[in-house]
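[1] I need the structure of the sequence given here:
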Amino acid sequence: MFRILLVKDGHGAPDLEEKLRRHGFSVDVATSLKDAKKTESDLILIYTTPQRVGDWVPGDTGIPLMYLIDFEDEGNLVLTCPYGCIEKPVDDGDLKSCIDFVMSRIILGEERYRKLFEYIDSCVAVYEAVDDGEDFVIRDFNRAAERVERVKREEILGRRVTEVFPGLDDFGLLEVLRRVYRTGRAEHFPLAFYSDDRISGWKENFVYRLPQVRWSRFTGI
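    Predicted structure coming up:
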C-alpha cells in the first residue's frame, strides 16, 4: 500500500486524510516534518499557504515531498507537481489524479513523467545551477512553456536563463532562483510584469529545489 505522511500546517483541509484513505492510501497525519524520519512513508504531502510555504524546509528525509498550497482568497489549491490547480472543496478525482501522478513518477519512472510533463497545460521549466548558483542553465521546458514564452525548446536547452530571458534580473525572479538554490526553501513569487525586447506579460512563479536539479514552475498570464 502506498504510504503518505500528511503534514498539516494549521487546521485546513479537515477531510483530506479521509479522501486519501478512501482511495486506498495509507495516511499518517503530522504537524511537523520531525515525524518524517520516524515513518516509512513513500511521500510527504505538506498542506500549507503561499505565505508559509517557505517555512517548510524539506531537509534530508530521503522521501519525495510535495506541497499542497491553499490560495485561500482565490479558492484554489495548487499541488507542486505538473498538474495545475484544484478547486475547493477538493474533488476526489482531482486529488487522486495528483497522487497518481506522483506514484507513477516514483514507480514507473521517467517515461511516464515525460508524457505528463509534455502534455499538461501548466508551464514547467527545469533549471540547473551554474557558477555556484549565480546563474542557471535551462535543462527542460515543456510545450505549454514554449507556447507562452514563444520559444522552441531545442533552441534554448543548454543556454543560460539570463540569456534567454534577459529581463529576469529586473523582474526579480533571478534573485528568487538564487535564494531557493542556496537555502532549499521553496518560494512563491507573486504576479508581476515581465518585459524584455522580445516578450512581455504578467507572470506568477512557484520555485522549489529538487535534490539534483532546480525546478521552477511558472504560469504566464
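
[2] Give me the three-state assignment for residue 202.
    strand (DSSP: H, G, I helix; E, B strand; the rest coil).

[3] Residue 174 reaches residue 166, doesn't it?
    No. Judged on C-beta atoms under 8 Å, residue 174 makes no contact with residue 166 at a distance of 10.3 Å. Where you see a C-beta, it was placed from the backbone N, CA and C, and this is true even at glycine.

[4] quick one, which of these two is more surrounded?
    residue 174 (18 against 15; other C-beta atoms under 10 Å).

[5] which SSE is that one in?
    helix 173-183 (DSSP states H and E).

[6] Need the CA coordinates for that helix. CSV is fine.
    The C-alpha trace of helix 173-183 is given here as CSV (Å, rounded to 0.1, in the frame of the first residue of the first chain):
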residue,chain,number,x,y,z
LEU,A,173,12.9,36.1,-10.3
LEU,A,174,16.6,35.6,-10.7
GLU,A,175,17.2,36.5,-7.1
VAL,A,176,14.5,34.1,-6.0
LEU,A,177,16.1,31.3,-8.0
ARG,A,178,19.4,32.0,-6.3
ARG,A,179,17.9,32.1,-2.9
VAL,A,180,15.9,28.9,-3.3
TYR,A,181,19.1,27.2,-4.7
ARG,A,182,21.1,28.3,-1.6
THR,A,183,18.5,27.8,1.1
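
[7] Could you tell me how far residue 179 is located from residue 208?
    To residue 208, residue 179 is 11 Å away according to C-beta to C-beta, to the nearest Å.

[8] The two - which one has more neighbours?
    residue 208 (22 against 15).

[9] For my notes, confirm that one occurs in a strand.
    Yes. Residue 208 sits within a strand when classified using three-state DSSP.

[10] Find the residue closest to it in space, skipping its chain neighbours.
    Closest residue to residue 208 apart from its sequence neighbours, by C-beta to C-beta, 6 or more residues apart in numbering: residue 186 at 3.6 Å.

[11] wait, isn't the one you found in contact with residue 177?
    No. Assessed by C-beta under 8 Å, residue 186 is found out of contact with residue 177, at 11.8 Å.

[12] which residues are in contact with both of these two?
    Taking C-beta atoms under 8 Å, 6 or more residues apart in numbering as the criterion, residue 186 and residue 177 both touch residue 207.

[13] Let me know the pLDDT of residue 198.
    Per-residue confidence (pLDDT) for residue 198: 92.

[14] partner strands of the helix or strand just after the helix holding residue 174, parallel or antiparallel?
    Note on helix 173-183: by DSSP H and E, the next helix or strand toward the C-terminus is strand 187-195. With DSSP bridges as the test, strand 187-195 is paired with strand 200-209 (antiparallel).

[15] Check which residues of the strand it pairs with are buried.
    203-209 (16 or more other C-beta atoms under 10 Å).

[16] which ones are touching the spatially closest residue to residue 181 that is not a sequence neighbour?
    Of all residues not flanking residue 181 in the chain, residue 133 sits nearest, at 4.3 Å (C-beta to C-beta, 6+ apart). Neighbouring residues of residue 133 by C-beta under 8 Å, 6+ apart: 178, 181-182.

[17] Name the member of those residues with the most neighbours.
    In the contacts of residue 133, the most neighbours by other C-beta under 10 Å go to residue 181, 18 neighbours.

[18] Perfect, that will be all.
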